[in-house]
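Q: Just the structure for this:
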Amino acid sequence: MTSQIMPRLRKVRVLATLGPASSSPEMIRKLFFAGADAFRINMSHGAHEDKVPIVHAIRAMEKELGRATTILFDLQGPKLRVGKFADGKIQLITGQKFILDRDPTPGTIHRVELPHREIFEALEPGARLLLDDGKLVLRVIRLSHDEIETRVEVGGALSNSKGLNVPDVIVPMAALTEKDRRDLTFAIDQGADWIALSFVQRPEDVAEARSLIHGKAALLAKIEKPSAVERLDEILELADAVMVARGDLGVELPPERVPPMQKRIVEMARRMGKPVVVATQMLESMIQSPSPTRAEVSDVATAIYDGADAVMLSAESASGDWPVESVAMMNSIAMSVESDPGYAARLHFTDTTPDSTTADALAEAAAQIARTVSAGLIICFTMSGITARRIARERPSVPLLVLTPKLATARRLGLLWGAHAVRTRDVASFEEMVAKARRMALRQGLAKAGDRIIVIAGVPFGTPGSTNMIHVVRLTGDELKGYAA
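A: Here you go, the predicted model:
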């Protein structure tokens, strides 16, 4: 696959969620041209048969445009909810006692069913229970095998089946429900490039999902619980990428703690060379308004200045009134930030010390050489995409063209900062590598005659994990003679 349209020069990626407002082939195409680099399919809503046409539309567009396009399936994860009330809802009064139990009888002002045995096993006196996205707060006084007595610290209306968050303990519950397992199998069958795992509490959750994926897709861990942040380094070791899921983090943490937590997650992911996505409520007002608030624009810009690989739209593009405008606005914000002369310096506030490997040393050297000789482009040949990820970790000042014989690799790189991935035939010799690098640099419009380009590859060619060579060459402009454009 070789690109027929010019690559985006923007380096941060835009991940757009598809839904009722944006699932038609025409709308998906509009979102792509507005700036969407990757598409999220949310498995919390809709049936499997609803997702198939969406995948087909993306793949048809990919084939038509000749550009590898990324699809991320987002698993729902466990949903903790209270039971139902005899009158549909009650009013909790601050200071009153309220009981959660295992009795399925409809609830009253005094009690309601909590149909999650695992929570009874995990709680301790003093722990908090947050209801309805954190609007109501209960504090555990005492508990038994089948009853939790609480005191209402923040009251309000509580209706049937409202959500429950347990921020102070690790709930002994797997991140993958039976529904998630079915959805995961479906996503793999549909050729998912990325699987997003919800309700991650510990590294074991990521390990379980990885064992089920069998390498058929990349795995993104959503960081939405404080317990996951506490073991972030271990989770990052096992995951291929992480997402700062600020909506759930904002429920389980005081709102003022979310921004520093976001920065901590982005920084650690960058240090470890793993793509990091910042998500939730980025342009929330654009669900109903054609323009965002200035605070939202600043929020998106901050994530980009911090070096996030991708920023995500949720309801803005999935169910809002202005999906195309939301993507276009995200694109405009990113372009504006990246044109700021101070952007590059801010990116390097995070120290990304390379590991003591040849591949890491070459990736660091490529970024340094690009600055020293004013190169116009870095090109890497890769089978797995790991070399591209190592180069992107250095946040080089020039574009990164990734050449790979594997379409799956090209697709997965759609969440990687600065990477423009192209599927192309593999090379068998040094001379062929240099010639192809020269041609592709010009053909993709990423360099011009007279530019120096930096080429990174591994010898023997076609061997994953063998990156051991760096080469600098100057383009003459004659490289495309005799070859079709």
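
Q: wait, residue 22 sits on residue 318?
A: Yes - contact criterion C-beta atoms under 8 Å: residue 22 and residue 318 qualify, at 6.2 Å. Any C-beta I mention is one placed from the backbone N, CA and C, and that applies to glycine too.

Q: Neighbour count for the two, which is higher?
A: Legend: neighbour count by other C-beta atoms under 10 Å for residue 22 and residue 318, higher for residue 22 (26 against 22).

Q: Apart from its neighbours in sequence, what residue is nearest the more buried one?
A: residue 323 (4.5 Å; C-beta to C-beta, 6 or more residues apart in numbering).

Q: which residues does that neighbour contact?
A: Going by C-beta atoms under 8 Å, 6 or more residues apart in numbering, residue 323 touches 16, 21, 22, 27, 31, 316, 317.

Q: CSV please, covering these and showing pLDDT.
A: Converted to CSV, the contacts of residue 323 look like this (pLDDT from 0 to 100):
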residue, pLDDT
16, 98
21, 95
22, 97
27, 98
31, 98
316, 97
317, 98
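
Q: Out of these, which sit inside strands?
A: residue 16 (DSSP state E).

Q: Which of the contacts of residue 323 sits closest to residue 365?
A: Taking C-beta to C-beta as the measure, residue 365 lies nearest residue 16 of these, at 35.2 Å.

Q: Give me the distance from the longest helix along the chain to the chain's centre.
A: For the chain, the longest helix by residue count, based on DSSP state H, is helix 48-65. On the basis of C-alpha atoms, centre = their mean, to the nearest Å, helix 48-65 sits 20 Å off its chain's mean C-alpha point.

Q: go on, stretch 371-379?
A: 28 Å.

Q: Would you mark the buried spots in that stretch?
A: 375, 376, 377, 378, 379 (16 or more other C-beta atoms under 10 Å).

Q: what sits up against it?
A: With C-beta under 8 Å, 6+ apart as the test, stretch 371-379 has contacts from 366-367, 369-370, 391, 396-403, 437, 440-441, 446-448, 451-456, 472.

Q: Secondary structure and pLDDT added to the buried residues of stretch 371-379, as CSV?
A: Shown next, in CSV, are the buried residues of stretch 371-379 (DSSP: H, G, I helix; E, B strand; the rest coil; pLDDT from 0 to 100):
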residue, secondary structure, pLDDT
375, coil, 95
376, coil, 94
377, strand, 97
378, strand, 97
379, strand, 97
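
Q: Redo those as JSON lines? Include distance to residue 277.
A: Formatted as JSON lines, the buried residues of stretch 371-379 follow (distance: C-beta to C-beta, whole Å):
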{"residue": "375", "distance to residue 277": "29"}
{"residue": "376", "distance to residue 277": "28"}
{"residue": "377", "distance to residue 277": "25"}
{"residue": "378", "distance to residue 277": "23"}
{"residue": "379", "distance to residue 277": "25"}
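
Q: Out of these, which comes closest to residue 236?
A: Nearest member of the buried residues of stretch 371-379 to residue 236, counting by C-beta to C-beta, is residue 378, at 24.5 Å.

Q: roughly how far apart are the closest one and residue 386?
A: According to C-beta to C-beta, to the nearest Å, residue 378 stands 15 Å off from residue 386.

Q: Not counting sequence-adjacent ones, nearest residue to residue 292?
A: Nearest to residue 292 is residue 283, by C-beta to C-beta, 6+ apart, at 4.6 Å.

Q: which stretches of the stretch 201-350 of the chain form helices?
A: 203-213, 226-230, 232-238, 246-252, 258-271, 294-305, 315-318, 323-338, 343-347 (DSSP state H, counting those that start in this stretch).

Q: Out of those, indicate the one that is most buried.
A: helix 315-318 (a mean of 26; mean count of other C-beta atoms under 10 Å).

Q: Can you show me the CA trace of it as PDB?
A: C-alpha atoms of helix 315-318 as PDB (Å, rounded to 0.1, in the frame of the first residue of the first chain):
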ATOM      1  CA  ALA A 315     -19.600  12.100  22.300                       C
ATOM      2  CA  GLU A 316     -18.400  15.200  20.400                       C
ATOM      3  CA  SER A 317     -17.900  13.000  17.200                       C
ATOM      4  CA  ALA A 318     -20.100  10.000  18.100                       C
END
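
Q: how far is it from where the chain is centred?
A: 16 Å.

Q: I'd like the numbering to begin with 43 instead of 1 from here.
A: In the new count, where the first residue is 43, that last one comes out as helix 357-360.

Q: And that helix, what does it pack against?
A: Where contact means 3 or more C-beta pairs under 8 Å, 6 or more residues apart in numbering; DSSP states H and E, helix 357-360 is packed against strand 55-60, helix 365-380.

Q: Format those as a markdown table; extra columns: distance to residue 77.
A: Below are those laid out as a markdown table (distance: least, C-beta to C-beta, whole Å):
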| stretch | distance to residue 77 |
| --- | --- |
| strand 55-60 | 5 |
| helix 365-380 | 3 |
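
Q: which stretch among the ones you listed comes nearest residue 168?
A: Residue 168 lies closest to strand 55-60 among these, at 37.5 Å (C-beta to C-beta).

Q: relative orientation of the closest one and helix 336-347 in degrees?
A: 130 degrees (axes from the mean of the first three to the mean of the last three C-alpha atoms, to 10 degrees).

Q: ok, and what's touching strand 55-60?
A: 64, 70, 73, 77-84, 96, 114, 319, 321, 351-360, 365, 368-369, 372-373, 376, 456-459.

Q: again, 7 Å this time
A: Contacts of strand 55-60 from elsewhere in the structure, counted by C-beta atoms under 7 Å, 6 or more residues apart in numbering, are 70, 73, 77-84, 96, 114, 319, 351-356, 359-360, 369, 372-373, 456-457, 459.

Q: Those residues in strands, which ones?
A: 80, 81, 82, 83, 84, 114, 319, 352, 353, 354, 355.

Q: hey, what's the fifth one bridged with?
A: Residue 84 forms beta bridges with residue 116, as assigned by DSSP bridges.

Q: now swap in the last one and tell me
A: Beta-bridge pairing of residue 355, defined through DSSP bridges, involves residue 58.

Q: Any figure for the gap between it and residue 375?
A: As for residue 355, its distance to residue 375 is 12 Å (criterion: C-beta to C-beta).

Q: Same check on the first one?
A: The span separating residue 80 from residue 375 equals 17 Å under the rule C-beta to C-beta.

Q: Please apply the same query to residue 198.
A: For residue 198, the distance to residue 375 - C-beta to C-beta - is 35 Å.

Q: do the same with residue 297
A: Taken as C-beta to C-beta, the span from residue 297 to residue 375 is 22 Å.

Q: For residue 63, give me its contacts.
A: 360, 361, 362, 365 are the contacts of residue 63 under C-beta under 7 Å, 6+ apart.

Q: What is the neighbour count of the closest residue to the first one other than its chain neighbours?
A: Translated: residue 360. Spatially, and ignoring its direct neighbours in sequence, residue 360 is nearest to residue 61 (2.9 Å; C-beta to C-beta, 6+ apart). Residues within reach of residue 61, counting by other C-beta under 10 Å, total 21.

Q: about what we covered before: neighbours of the residue nearest to residue 334, how many?
A: For residue 325, using other C-beta under 10 Å, the count is 28.

Q: Now it: phi and psi?
A: Torsion angles at residue 325 (phi, psi; degrees, to the nearest 10) stand at phi -130, psi 50.
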